[in-house]
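**Student:** next come a sequence and a model predicted from it.
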Amino acid sequence: MELDRRGDLPLHEQLERTLRDAIRGGRLEAGAPLPSSRRLAAELDVSRGVVTSAYGQLAAEGYLQTKQGAPVRVARGVRAQPPRPPTPSLVAQFAYDFSPGLPDLAGFPRDRWLRSLRSAWRETALDAVGYGDPRGVPELREALADYLGRVRGAAAAPEHLLVCTGFRQGLSLTCRWLRGNGVEHVALEDPGWHAQRLIVEEAGLTVTPIPVDADGIDVPALSESGADAVVVTPTHQFPTGVALSAQRRAELIEWAERGDRLIIEDDYDAELCRERVGALQGLAPDRVLYIGSASKRLTPGMRLGWMLPPSWLSWALISAKAIEDAGSEIAGQLALADFIARGELERHLRRMRLRYAQRRETLLAALARELPDWRPYESGGGLHLLTFLPDHVDEPALLAAAARHGVGIEGLSLHSYTGGCPPGLVLGHAHMAQPAIERGVQLLSDALDATAGSSRLRSALPRKCVDVPDLGSLLQD
C-alpha cells in the first residue's frame with residue numbers, strides 16, 4: 001500500500017480508496033481483520049488520524065465493522081465484485097456505414113459553434129441557467145420562429161413554440177396526449193421511418209399503415225382507415241424521397257379539418273433537398289403539429305428539436321414537457337440561438353447541400369458501375385437514396401453478408417409495416433467521403449456475390465440511374 005504525499009488527494013482519501021478497491025476486488029475477503037489504526041499508521045508513516053478517518057468513512061459506508069476492543073474487520077455482507085469489462089457500444093460500428101439519417105459529422109462547424117457557445121455564456125443573464133421556461137429560452141424560440149417563418153414558410157409564434165430533445169420526444173409527448181384524449185389509432189406512412197412505429201406503440205396506440213406512391217401518402221386510403229391522427233414527411237418522404245404533391249396536400253388538410261383530426265409533420269431534412277418545398281404547417285397551423293430538429297441540419301448529438309403545435313394543443317404539450325424533464329438543456333439552446341441569429345445555420349446548410357449533392361452523384365455513379373441491375377429511385381436529394389434490388393436478391397442475406405464485409409446498410413423491409421415492399425436498400429451517403437462511398441459500393445458488390453454464389457444476373461441496363469416512374473406499384477403487394 002503506497003500513498004502519494006505529493007498528490008492533490010488527501011492521504012486519508014487515498015487510504016479509503018485503496019482499501020475500498022481491495023475489498024471490492026476480493027483481495028480483502030469478508031471477515032478479514034485489518035491492522036489496528038496505530039499499527040497501520042506506523043507502517044505507513046502517517047498520523048493515526050489519517051487511518052482512523054479512513055476506517056470511520058469505510059465503516060459508515062458499510063465496508064468495515066468496528067467494535068470497541070475488537071479488531072477492525074471487513075464487513076460480513078460485503079461481496080467481491082468481478083473486474084469490470086469494457087463497456088461495448090449498443091450501436092454497431094462499420095468501416096463503411098450507409099445507415100441513413102447521419103449528416104456529415106466531420107463537416108460540423110466546430111469553431112463557429114464554439115464562438116456561439118462562448119458568446120451565449122458571456123452575454124446571457126445569470127438567471128437564464130436556472131430552472132427556466134419549459135418551452136425553452138426566449139432567445140431560441142424567437143430565433144427559431146423567425147427562421148422557420150422565413151425559410152420554411154411556417155406560421156411560427158414564439159409563445160407556442162416548444163423546444164424539445166428532437167423528433168422522438170416531440171412525437172412521444174404528442175402520442176401520450178392523444179392516448180389520454182381517447183385516440184386509439186395513429187396512421188403512419190408505409191414505408192416509413194421504423195422508429196415512428198416504436199414510439200406510437202410505446203404510447204399504447206395502434207399503428208395504421210397507409211401506402212405511399214409517387215405523390216406521397218394515399219389520402220383516400222387514410223380517409224378509410226378510421227385514424228384520427230397521421231404522421232407524415234411531406235417535404236421529403238422517408239424513405240422514398242418523394243414530395244407530397246399540391247393536390248395531396250390540399251386533400252390531407254381537408255381530411256384533418258373535416259374530422260377535427262391532427263396532422264403531425266416530420267420536417268427532418270427539408271433544407272438539404274434540391275427543391276425546398278414549404279412546410280405543410282404554414283397552410284393549416286390549426287391542424288398541423290410541426291416538428292423539426294438539429295439532428296440532420298447540424299448533428300444528432302446536440303439533442304435539440306422544436307415543435308410548433310396548434311394553439312389549442314400547445315399548453316397540453318408544454319405541461320407534458322415540464323413534467324417529463326422541466327425543459328431541455330440550456331447551453332445548447334443559447335448557442336443555437338446565437339448560431340441562427342448570426343446566419344451561421346443557413347451558411348452551413350448551403351455548404352452541406354452542395355456537399356451532399358456531390359456525394360449522392362458519387363453513389364449513383366458507383367451503383368451504375370458496380371451494380372447496374374439495381375434500380376435507384378431518383379428523388380429530391382437529401383441524406384439518403386432508396387434503391388430497389390432485383391427480385392431474386394435475398395435482402396436479409398445481403399444485409400448479413402454486407403456486415404461481414406464491414407458495410408452497414410438498412411433494408412427497405414425495416415421500414416415497411418405490412419411487408420409488401422420489394423427488396424430494397426436505404427443508403428445514407430451524407431456522412432461518407434466520396435472515396436469511402438465508392439469502396440463501400442465495391443464491398444456491397446462483393447457481398448452480393450457471396451450471397452448468390454456468383455450467380456447473380458447482370459442485365460444490360462444503361463449505366464446510369466434507372467428511372468422508376470411507378471413508385472406506387474413497386475410498393476404494393
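**Tutor:** That came through fine.
**Student:** going forward, measure contacts between C-alpha atoms and count neighbours the same way
**Tutor:** OK.
**Student:** and the residue nearest the centre of the protein?
**Tutor:** Pro300 (5.5 Å; C-alpha atoms, centre = their mean).
**Student:** quick one: what helix or strand has the residue of the chain most remote from its centre in it?
**Tutor:** Computed with C-alpha atoms, centre = their mean, the maximum C-alpha offset from the centroid of the chain is found at Gly69, amounting to 60.0 Å. Using DSSP states H and E, Gly69 sits in no helix or strand.
**Student:** distance of it from Leu34?
**Tutor:** Distance, Gly69 to Leu34, by C-alpha to C-alpha, to the nearest Å: 13 Å.
**Student:** strands of the stretch 1-150 of the chain, start to end?
**Tutor:** In the stretch 1-150 of the chain, the strands defined using DSSP state E, counting those that start in this stretch lie at 64-65, 73-74, 96-97.
**Student:** note down every partner strand of the last one and its orientation.
**Tutor:** In other words, strand 96-97. Paired neighbours of strand 96-97 in the sheet (DSSP bridges): strand 407-408 (parallel).
**Student:** and Gly278, what does it touch?
**Tutor:** 151-154, 235 (C-alpha atoms under 8 Å, 6 or more residues apart in numbering).
**Student:** which among those end up buried?
**Tutor:** Neighbour counting by 16 or more other C-alpha atoms under 10 Å classes 152-154, 235 among the contacts of Gly278 as buried.
**Student:** burial count for Leu11?
**Tutor:** By other C-alpha atoms under 10 Å, the residues close to Leu11 number 20.
**Student:** likewise for the one 4 residues further on?
**Tutor:** Applying other C-alpha under 10 Å, we find 20 residues neighbouring Leu15.
**Student:** would you check that it makes contact with Asp4?
**Tutor:** No. Taking C-alpha atoms under 8 Å as the definition, Leu15 is not a contact partner of Asp4, at 10.0 Å.
**Student:** returning to that earlier point: Arg84 is nearest to which of the strands of the stretch 1-150 of the chain?
**Tutor:** For the strands of the stretch 1-150 of the chain, the distance to Arg84 is smallest for strand 73-74, at 21.5 Å, taking C-alpha to C-alpha.
**Student:** who are the packing partners of the closest one?
**Tutor:** For strand 73-74, the packing partners by 3 or more C-alpha pairs under 8 Å, 6 or more residues apart in numbering; DSSP states H and E come out as strand 64-65.
**Student:** out of the contacts of Gly278, which is nearest to Gly419?
**Tutor:** Thr235 (24.3 Å).
**Student:** which SS state does that closest one fall under?
**Tutor:** coil (DSSP: H, G, I helix; E, B strand; the rest coil).
**Student:** where in this structure is pLDDT low?
**Tutor:** Applying pLDDT under 70 to the chain flags the ranges 453-477.
**Student:** remind me, longest strand of it?
**Tutor:** strand 206-213 (DSSP state E).
**Student:** picking that back up, okay if I get the strands of the stretch 1-150 of the chain as TSV plus mean neighbour count and distance to Thr52?
**Tutor:** Formatted as TSV, the strands of the stretch 1-150 of the chain follow (neighbours: other C-alpha atoms under 10 Å; distance: least, C-alpha to C-alpha, whole Å):
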stretch	mean neighbour count	distance to Thr52
strand 64-65	22	12
strand 73-74	23	13
strand 96-97	22	56
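**Student:** which other residues reach the host helix or strand of Pro435?
**Tutor:** Using DSSP H and E, the element containing Pro435 is helix 434-452. Under the contact criterion C-alpha under 8 Å, 6+ apart, helix 434-452 has outside partners 96-97, 359, 362-363, 366-367, 370-371, 393-394, 397-398, 401-402, 405, 407, 429, 455-456.
**Student:** follow-up on the earlier one: measure the residue nearest to the centre of the chain to Arg342 for me?
**Tutor:** 21 Å.
**Student:** shouldn't Leu385 be within a strand?
**Tutor:** Yes. With three-state DSSP as the criterion, Leu385 is part of a strand.
**Student:** about what we covered before: show me the contact partners of the helix or strand just after the longest strand of the chain.
**Tutor:** The helix or strand immediately downstream of strand 206-213 is strand 216-217, counting by DSSP H and E. Here strand 216-217 makes contact (C-alpha under 8 Å, 6+ apart) with 189, 210-211, 232, 234, 237, 242-245, 248.
**Student:** between those, which is closest to Phe167?
**Tutor:** Val232 (12.3 Å).
**Student:** spatially nearest residue to that closest one (excluding sequence neighbours)?
**Tutor:** Sequence neighbours aside, Glu265 is the residue nearest to Val232 in space, at 5.3 Å (criterion: C-alpha to C-alpha, 6 or more residues apart in numbering).
**Student:** what is the burial count for the one you found?
**Tutor:** So Glu265, with other C-alpha under 10 Å, has 24 neighbours.
**Student:** return the subset of the contacts of helix 434-452 lying in strands.
**Tutor:** Counting by DSSP E, the contacts of helix 434-452 contribute 96-97, 407 to strands.
**Student:** can you show me the helices along the stretch 301-450 of the chain?
**Tutor:** Ranges of helices in the stretch 301-450 of the chain, per DSSP state H, counting those that start in this stretch, are 311-325, 330-341, 344-370, 395-404, 434-452.
**Student:** tell me the SS of the residue nearest to Val232?
**Tutor:** Glu265 ends up strand, using three-state DSSP.
**Student:** dump the residue contacts of it.
**Tutor:** Going by C-alpha under 8 Å, 6+ apart, Glu265 touches 231-234, 280-281, 288-291.
**Student:** look up how far Leu283 lies from the residue farthest from the centre of the chain.
**Tutor:** Taken as C-alpha to C-alpha, the span from Gly69 to Leu283 is 83 Å.
**Student:** now swap in Arg258 and tell me
**Tutor:** In terms of C-alpha to C-alpha, Arg258 sits 15 Å off from Leu283.
**Student:** which of these two has more neighbours?
**Tutor:** Leu283 (16 against 9).
**Student:** quick one: that one and Glu265, what's the gap?
**Tutor:** For Leu283, the distance to Glu265 - C-alpha to C-alpha - is 12 Å.
**Student:** likewise Ile318?
**Tutor:** For Ile318 relative to Glu265 (C-alpha to C-alpha), the value is 18 Å.
**Student:** what's the domain layout of the protein?
**Tutor:** By the record's domain assignment, the chain is partitioned as 11-74, 109-345, 347-474 (automatic domain parsing).
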